[in-house]
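Enquirer: below: sequence and its predicted model.
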Amino acid sequence: MFTFIGDFECKTDAKGRIVFPSAFKKVLGEGDLRMIVRKDLFEPCLVLYPFSVWEEELARIRTGLNPYNREHNRFLRHFFRGSAEISLDGNGRFLIPKRLLEQAGIEREVVLLGVDRYIEIWDKGSYMDGSLSHKELGNLAEKILGDTHPEEDN
């Protein structure tokens, strides 16, 4: 089970590679270092999945799609179009395809943000601009989590 926590500011090198933070490497362990990166569906960022988590996501997607439905096929085509497989090199760096960086508006300075089972990759400026105030975060938490009613014991 993976749980990525924290945000790390990084810079791409001359070839566009990014050093993978050691805290995230510890979460991955010594297993398969293959990962999938894709354009986020809702935000101007990329999402990086360990390969096993990606396979779980695909299984979830497959259960809701009909391959003979034109809209479903269109969704899949564009979903995979914004995806690529990457791996860490011997120096703990990874290279994201230029087309994906451009789609997310990511330039030289990036932020890697651990979000439970995946990592978001943001352009530093966009990441800083999208911060919520404490009040906004509290309101959002209340809206999403505060309206739950624990089951009462009978």
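Expert: Here it is on my side, so go on.

Enquirer: what about stretch 99-118, start to end distance?
Expert: In stretch 99-118, first residue to last residue: 21 Å (Cα to Cα, to the nearest Å).

Enquirer: do the same with stretch 93-104
Expert: 19 Å.

Enquirer: and that stretch, how far out from the chain's middle?
Expert: On the basis of Cα atoms, centre = their mean, to the nearest Å, stretch 93-104 sits 13 Å off its chain's mean C-alpha point.

Enquirer: can you give the contact residues for it?
Expert: Contacts of stretch 93-104 with the rest of the structure, by Cβ atoms under 8 Å, 6 or more residues apart in numbering, involve 13, 15-20, 35, 37-40, 44-46, 82, 84, 86-89, 106-107, 121-123. For every residue, glycine as well, the C-beta is placed using N, CA and C.

Enquirer: check the offset of stretch 44-60 from the chain's centre.
Expert: With Cα atoms, centre = their mean, you get 7 Å for stretch 44-60.

Enquirer: ditto for stretch 80-98
Expert: Centre-to-centre, stretch 80-98 and its host chain are 13 Å apart (Cα atoms, centre = their mean).

Enquirer: buried sites along it?
Expert: Neighbour-count burial for stretch 80-98 flags 82-84, 86, 88, 93-96 (criterion: 16 or more other Cβ atoms under 10 Å).

Enquirer: and if you look at stretch 37-45?
Expert: Within stretch 37-45, judged by 16+ other Cβ under 10 Å, the buried ones are 37-40, 44-45.

Enquirer: kindly report the same for stretch 102-111.
Expert: By neighbour count on 16+ other Cβ under 10 Å, the buried set for stretch 102-111 is 103-104, 106, 110-111.

Enquirer: what is the nearest of those to residue 7?
Expert: Among those, residue 111 lies closest to residue 7 (Cβ to Cβ), at 5.5 Å.

Enquirer: isn't the closest one up against residue 122?
Expert: Yes. If you go by Cβ atoms under 8 Å, residue 111 and residue 122 touch, sitting 4.6 Å apart.
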